[in-house]
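Trainee: coords please:
(2 chains)
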Amino acid sequence: MSVKGNEPLTMETFTQGLWKDNPVFVMLLGLCPTLAVTNSAINALAMGLATTFVLICSGFLVSLLRKVIPKQVRIASYIIIIATFVTMADYGIKAISLDLYKALGAFIQLIVVNCIILGRAEAYASKQKPLKAMINGAGMGLGFTIALLSLGVVREILGSGTLFGMHLMPERFQTWSVFVLPPGGFFVLAGWLMLFSWWRERKAQKEVI
Amino acid sequence: MSASASSFKLVSTLGGIAIFSGILLALTYEITEPLIAQNESEALEAAVFEVLPGAVERENYLLDDQGLRKVDAGSLESPNLYAGLNEEGERVGFALPGEARGYADVVRVLYGYDPVRKQIVGLQVLSSNETPGLGDRIEKDVAFRENFTALDASLVHPIETVKHGEKTEPWQIDGISGATVSSKAIGKALSESTEAWIPPLTTALEERP
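Mentor: Now for the predicted structure:
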């Protein structure tokens, strides 16, 4: 990525993570939580929002301290900063809902090692001003949330016949349990990736013509 | 940011970030701790009322070598079983924990025991990881749950799970076909737990009802 740190704050700062560099659909980062906790829409949403919170806060702090942190200990510092916000998100979710906390399990703590966040800290926040780092982090987090939701919604509707816990499908609908199980995660992710790459290819072809 | 930062700078940066992180976490903990404790106690209360029909109030008890005694809120001792009281303040039974290995992970249950009728009067799965659509029917299947409205726990014969439709004795659990391992896990959890808990509980109740 050719980010130098002196570009002005543009819409691109925010939308980069939404579309052009969507962490899941384009960069294929953070696939572990993407596959693991998207068996229902609410899990996907909570995971996405927790990640967004960590991205924004760690982006802000890393960027604020970018001139203080010596190069040799930067990764260690980023990890401490990220781990702090992850633990805060962890307590927060536990305080909001125990059921949600149980459903997300270890994946909240595992946000610490989510490569999207460390990647943003290293490649972006450590070179940019705090405001830009936060906006970019928000965009990336939102892109991640949208990706998780698009998997979660499909998997919940097909696998349990519900959406956010509300019954959606007619009574006679036979649920496809496979979509709630791990293989379903791969199927749905593959479907979305196929759709996205077809989309982008078509767009690229149009531009050539 | 010089390439050869002194060791002091490295240590002090990491130390500073760690201290800041500690303060932030202590603050978060202080704020969320009462909420988390409240959530946990509400979840436990709901489970106790669920397994003891008619219960509207909870009492905490500790059963050990020295017998059965009531644990008041704020006491240093942590309770290991709970009693449910009905609207008239009479004890309707005890909620006891049990666990056994299921198909995917340990299945933890809480069940209601009525010491007068010597029966299990309710059961709730606290945590399980059973296969959605198959094993997880132990949590929702109405016919399976019927087993736990009056299951004999007099210990004349250990509680056991039999194949679906083959229940003939009051201590048998009518299993779910297609969820054999999970229904057997419930049977095992109950038989192990009743054998460990009920004899000392009965003795303690005879001494001091």
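Trainee: just the strands in the chain please.
Mentor: This is for chain A. In chain A, the segments counted as strands under DSSP state E are A:162-163, A:166-167.
Trainee: chain B is the one I meant
Mentor: Applying DSSP E to chain B gives strands spanning B:57-64, B:67-71, B:81-85, B:91-101, B:106-114, B:119-127, B:151-152, B:160-162, B:172-174.
Trainee: just for the chain, where's the confidence low?
Mentor: Because you didn't say which chain, this covers chain A. Applying pLDDT under 70 to chain A picks out residues A:1-7.
Trainee: wait, chain B
Mentor: For chain B, applying pLDDT under 70 flags the ranges B:1-5, B:73-76, B:208-209.
Trainee: which residues of it fall in helices?
Mentor: B:7-51, B:137-140, B:142-145, B:180-207 (DSSP state H).
Trainee: interface residues of chain A facing chain B?
Mentor: Neighbours of chain B within chain A, by Cβ under 8 Å from any Cβ of the partner chain: A:39, A:65, A:67-73, A:76-77, A:80-81, A:83-84, A:87-88, A:91-92, A:94-95, A:97-98, A:102, A:159-160, A:175, A:177, A:180-181. Using the backbone N, CA and C atoms, a C-beta is placed for each residue, glycine as well.
Trainee: of these, buried ones?
Mentor: For these, a burial check counting by 16 or more other Cβ atoms under 10 Å in any protein chain shown picks out A:39, A:65, A:69-70, A:72-73, A:77, A:80-81, A:83-84, A:87-88, A:91-92, A:94-95, A:98, A:159-160, A:175, A:177, A:180-181.
Trainee: returning to that earlier point: nearest to chain A, out of the strands of chain B?
Mentor: Set against chain A and scored by Cβ to the nearest Cβ, the strands of chain B come closest in strand B:119-127, at 6.8 Å.
Trainee: got the buried residues for that closest one?
Mentor: In strand B:119-127, counting by 16+ other Cβ under 10 Å, buried: B:119-126.
Trainee: stretch A:187-199 now?
Mentor: Buried residues in stretch A:187-199 (16+ other Cβ under 10 Å): A:187-189, A:192, A:196.
Trainee: so which bits of chain B are right by chain A?
Mentor: Contact residues (Cβ under 8 Å from any Cβ) of chain B with chain A: B:1-3, B:5, B:9-10, B:13-14, B:17-18, B:21, B:24-25, B:28-29, B:31-32, B:35-36, B:39-40, B:43, B:127, B:131-134.
Trainee: filter those residues down to the buried ones, ChimeraX style.
Mentor: Of the residues of chain B next to chain A, the buried ones can be selected in ChimeraX as follows, counting by 16+ other Cβ under 10 Å:
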select /B:9,10,13,14,17,21,24,25,28,32,36,39,131,132,133,134
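Trainee: before we move on, back to that, with mean neighbour count added, can I get the strands of chain A in TSV?
Mentor: Formatted as TSV, the strands of chain A follow (neighbours: other Cβ atoms under 10 Å in any protein chain shown):
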stretch	mean neighbour count
strand A:162-163	16
strand A:166-167	9
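Trainee: residue ranges of the helices in chain A, please?
Mentor: Using DSSP H, helices in chain A cover A:11-15, A:31-36, A:41-64, A:74-96, A:98-104, A:115-123, A:130-160, A:182-208.
Trainee: now those as TSV including distance to B:Glu166?
Mentor: Formatted as TSV, those follow (distance: least, Cβ to Cβ, whole Å):
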stretch	distance to B:Glu166
helix A:11-15	63
helix A:31-36	38
helix A:41-64	38
helix A:74-96	43
helix A:98-104	34
helix A:115-123	53
helix A:130-160	31
helix A:182-208	33
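Trainee: looking at these, which is closest to B:Leu63?
Mentor: Evaluated over those, closeness to B:Leu63 peaks at helix A:98-104, with 25.7 Å, by Cβ to Cβ.
Trainee: show me what counts as buried in that closest one.
Mentor: By 16+ other Cβ under 10 Å, the buried positions in helix A:98-104 come out as A:98, A:100-101, A:103-104.
Trainee: so what's the residue lying closest to A:Phe173 once chain neighbours are set aside up against?
Mentor: Closest residue to A:Phe173 apart from its sequence neighbours, by Cβ to Cβ, 6 or more residues apart in numbering or on different chains: A:Gly161 at 5.0 Å. Residues in contact with A:Gly161, defined by Cβ atoms under 8 Å, 6 or more residues apart in numbering or on different chains, are A:167-169, A:173, A:175.
Trainee: rerun that using 10 Å as the cut-off
Mentor: A:Gly161 makes contacts with A:167-171, A:173-176, as judged by Cβ atoms under 10 Å, 6 or more residues apart in numbering or on different chains.
Trainee: how about A:Gly141?
Mentor: Residues counted as contacts of A:Gly141 (Cβ under 10 Å, 6+ apart) are A:17, A:23, A:48-56, A:59, A:116-117, A:120.
Trainee: of these, select the buried ones using a ChimeraX command.
Mentor: A single ChimeraX command selects the buried members of the contacts of A:Gly141 (16+ other Cβ under 10 Å):
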select /A:17,23,48,49,50,51,52,53,54,55,56,59,116,117,120
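Trainee: next one: A:Ile108 from chain B, what distance?
Mentor: With distances taken as Cβ to the nearest Cβ, to the nearest Å, A:Ile108 is found 13 Å from chain B.
Trainee: next, that residue: phi, psi?
Mentor: phi -70, psi -50 (degrees, to the nearest 10).
Trainee: that one contacts A:Val86, doesn't it?
Mentor: Yes. Counting by Cβ atoms under 10 Å, A:Val86 is a contact partner of A:Ile108 at 7.1 Å.
Trainee: let me see the contact set for the residue in chain A that chain B sits nearest to.
Mentor: Going by Cβ to the nearest Cβ, chain B is nearest to A:Ser177 of chain A, at 3.1 Å. Each residue near A:Ser177 by Cβ under 10 Å, 6+ apart is listed here: A:158-160, A:184, B:131-134, B:136.
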